[in-house]
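K.L.:
Give the three-dimensional model of this entry:
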Amino acid sequence: MRFNSLLAAENLSIFDPVSPPGESIRSLAFFVFAVTGVIFLIVEGILLYSVYRFRHGAPKQGSEPPQVYGSKPIEIAWTAVPALIVFVLILIIARTIWEVRVDPHNPPKDSKPLRVTVIGHQWWWEYVYESYDGKKLGFKTANELHIPAGNLKIDSERRPVYLTLQSADVCHSFWVPRLAGKMDLIPGRTNELWFETGKTGLYLGQCAEFCGAQHAKMLLRVYVDTPDVFDKWVKNQQQKAVDDPAVVKGKKAFLARSCVNCHRVYGTGAEGTYAPDLTHLMSRDTLASGIITNTREHLRQWIADPQKDKPGCLMPAFGLSESELDLVVDYLATLR
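P.N.:
Sure thing, here's the model as predicted:
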């Protein structure tokens, strides 16, 4: 399964939000559509009336219709009305910006905030889980963001998510339409984004800032879990990689390659930070930032030749023999 079919499986409409920021953006969109729609109808109505009223063409040669100059009521009307419309739009937009840019340092009282640092890379997402409900988490994952669902009506059961957005290379943009608006990740600058939802499920998104050849294949997957499921997922992510005796040769083959210079497997000699953390690789549904389903067959194909699925990506093909490839895949398949 490739990325087109993965995206087609999920609703990406901003008009079906599941979080407060998304609802604020939808309300603003409807309001702007309504205002511009009324203006369109008035202008087109006048135009159509004029076409019909004066359909017989220009007057006879040498004559002119009555001319009107310096009409104060008309001057006042077409100056005051647009100014009033712009003023109202400014107020509505300012209110919406205030609603979607909540101060991350002041979460709702008694709530259980989740704080995650999002780092955009060419072309994948790194997630550093900082804290949850005031407790330090301290683990990393890649491409699939897990968050807990909360009850938005009861402060003690709310679970707002605060994202700190950074870039490791070029400009990127984090956008999950049903959860929040777009927010850029800019080198040398830290931006912030927040959302929360009470509806579990998978929400898809996309890097919305052109960031290079594989921009279109830098997908976003946000899993909203029940609190219990999220707690179990967090505990698993905090564990070291399982040391399976059955794949000792595969582990040695992996650690002997230059993979360890870029990838990290917690609890082993692989401590790279340049590429996705592989400690719990097989707990993810997809590979290569959401473009390939995570199966043994696809994992083998990806390791054999990453450029086939993602031309220009920074992971090279290492030219492993069939037996070496099998050993490495055997080991990676145990990382759950």
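
K.L.:
tell me the contacts of the residue lying closest to P148 once chain neighbours are set aside?
P.N.:
Distance criterion Cβ to Cβ, 6 or more residues apart in numbering; nearest residue to P148, sequence neighbours excluded, is F230 at 3.9 Å. The way it works is simple: take the backbone N, C-alpha and C, and place the C-beta from them, glycine included. Residues counted as contacts of F230 (Cβ atoms under 8 Å, 6 or more residues apart in numbering) are 146-149.

K.L.:
ok, F230 to I147 distance?
P.N.:
Distance from F230 to I147, counting by Cβ to Cβ, to the nearest Å: 7 Å.

K.L.:
And for Q214?
P.N.:
Computed with Cβ to Cβ, the distance linking Q214 and I147 is 26 Å.

K.L.:
ok, these two, which is more surrounded?
P.N.:
Neighbours around Q214 and I147, counted as other Cβ atoms under 10 Å, are more numerous at I147. The numbers are 23 against 20.

K.L.:
and the helix or strand where the more buried one lies, what does it pack onto?
P.N.:
I147 belongs to strand 144-148 when elements are defined using DSSP states H and E. Strand 144-148 makes packing contacts with strand 114-121, strand 124-132, strand 219-225, helix 227-237 when contacts are defined by 3 or more Cβ pairs under 8 Å, 6 or more residues apart in numbering; DSSP states H and E.

K.L.:
would TSV of the ones you listed with distance to A29 be doable?
P.N.:
Supplementary listing: these in TSV, determined by distance: least, Cβ to Cβ, whole Å:
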stretch	distance to A29
strand 114-121	25
strand 124-132	26
strand 219-225	21
helix 227-237	31
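
K.L.:
Indicate which one of those is closest to L314.
P.N.:
Taking Cβ to Cβ as the criterion, strand 114-121 is the member of the helices and strands packed on strand 144-148 that comes nearest to L314, at 8.5 Å.

K.L.:
The strand holding I147 - which strands sit beside it in the sheet, and in what orientation?
P.N.:
Taking DSSP bridges as the criterion, strand 144-148 sits next to strand 219-225 (parallel) in its sheet.
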